[in-house]
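> Starting from these lines, generate the structure:
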Amino acid sequence: MIFSNTSIDVSQLPTVHQDDFTQLAAGYQKVIFIKNAILSFIFLAIWLVLYFTDALSENGYTIWLILIGIILFLGFLFWFRPKAFSRKGYQLREYDIVFKEGIWWQEETVIPFVRVQHSEVSQGPITRFFGFSKLKLYTAGGSKSDLSIPALDTQTARRLENFVTQKAGRDAEN
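Residues are numbered from 1 along each chain as shown. Sure, this is the predicted structure:
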């Protein structure tokens, strides 16, 4: 047997076209707002308990600094989470699925169908109310190589799950 290790022209490799990404469901912004509102309520309720029980009465400014911190944190969440959501998308290709996300640190995860061990579609109570699901793809590489695509309408999530499962089984046979 003769060993061969020829060079490959990088310009000839397939690319991920940014125009081909499918954006996640825009209606999911309501879910993000409700989750932010619930988190706001919890933080402010904790602050009110601390305020009325005088738990931090040693220094009169501490309770107000905590409130300012909470308000800044929640303001950041109400700005950041919708902005981060708008940068997420997925691309279904012949042999794999690609998911992109990130504002500051942008990440693209490519999962070849042959690596998919199993998949699931999940919903929380808020997402179920609005008709959204999350598609989770589990791979042989462990949790770092798994993929989770949120904000899919439930019908799309089920269709994607069936497609990926069929492709994974068919590609594994070849």
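
> Going by C-alpha atoms from here, please, whenever you check contacts or count neighbours.
Will do.

> How about residue 158: what's its closest non-neighbour residue?
residue 121 (6.9 Å; C-alpha to C-alpha, 6 or more residues apart in numbering).

> mind checking how far that neighbour is from residue 33?
Look at residue 121 and residue 33: by C-alpha to C-alpha, to the nearest Å, they are 22 Å apart.

> what comes into contact with the lowest-mean-pLDDT helix or strand in the chain?
Ranked by mean pLDDT, DSSP states H and E, the weakest helix or strand in the chain is helix 154-173, scoring a mean of 87. Residues outside helix 154-173 that contact it (C-alpha atoms under 8 Å, 6 or more residues apart in numbering): 95, 113-116, 118-121, 131-135.

> returning to what we had before: the residue nearest to residue 158: how many residues sit nearby?
19 (other C-alpha atoms under 10 Å).

> so is it in a helix, a strand, or just coil?
strand (DSSP: H, G, I helix; E, B strand; the rest coil).

> on that earlier part again, buried stuff in the least confident helix or strand of the chain?
For helix 154-173, a neighbour-count test (16 or more other C-alpha atoms under 10 Å) marks 154, 157-158, 160-161, 164-165, 167-168 as buried.

> ok so residue 82 is a helix residue?
Yes: looking at residue 82 with three-state DSSP, it is inside a helix.

> which residues sit in contact with it?
Applying C-alpha under 8 Å, 6+ apart, the residues near residue 82 are 29, 32.

> Inside strands: which ones of the contacts of helix 154-173?
The strands, defined by DSSP state E, take in 116, 118-121, 132-135 from the contacts of helix 154-173.

> Can you show me the strands along this structure?
Going by DSSP E, the chain shows strands at 22-23, 89-92, 96-101, 107-112, 116-122, 132-139, 147-153.

> Redo those strands as TSV? Include mean pLDDT and distance to residue 9.
Formatted as TSV, these follow (pLDDT from 0 to 100; distance: least, C-alpha to C-alpha, whole Å):
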stretch	mean pLDDT	distance to residue 9
strand 22-23	94	29
strand 89-92	95	24
strand 96-101	94	22
strand 107-112	92	21
strand 116-122	95	29
strand 132-139	96	29
strand 147-153	96	30
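
> Those strands: which one's closest to residue 11?
strand 107-112 (19.1 Å; C-alpha to C-alpha).

> So in that sheet, which strands flank the closest one, and in what orientation?
strand 96-101 (antiparallel) (DSSP bridges).

> And the contacts of the strand it pairs with?
84-85, 87-92, 106-113, 147, 149.

> thinking again about what came up before, and the buried residues of helix 154-173, which two are the farthest apart?
154 and 168 (20.8 Å).

> picking up where we left off before, closest to residue 27 out of the buried residues of helix 154-173?
residue 154 (12.7 Å).

> Many thanks, have a good one.
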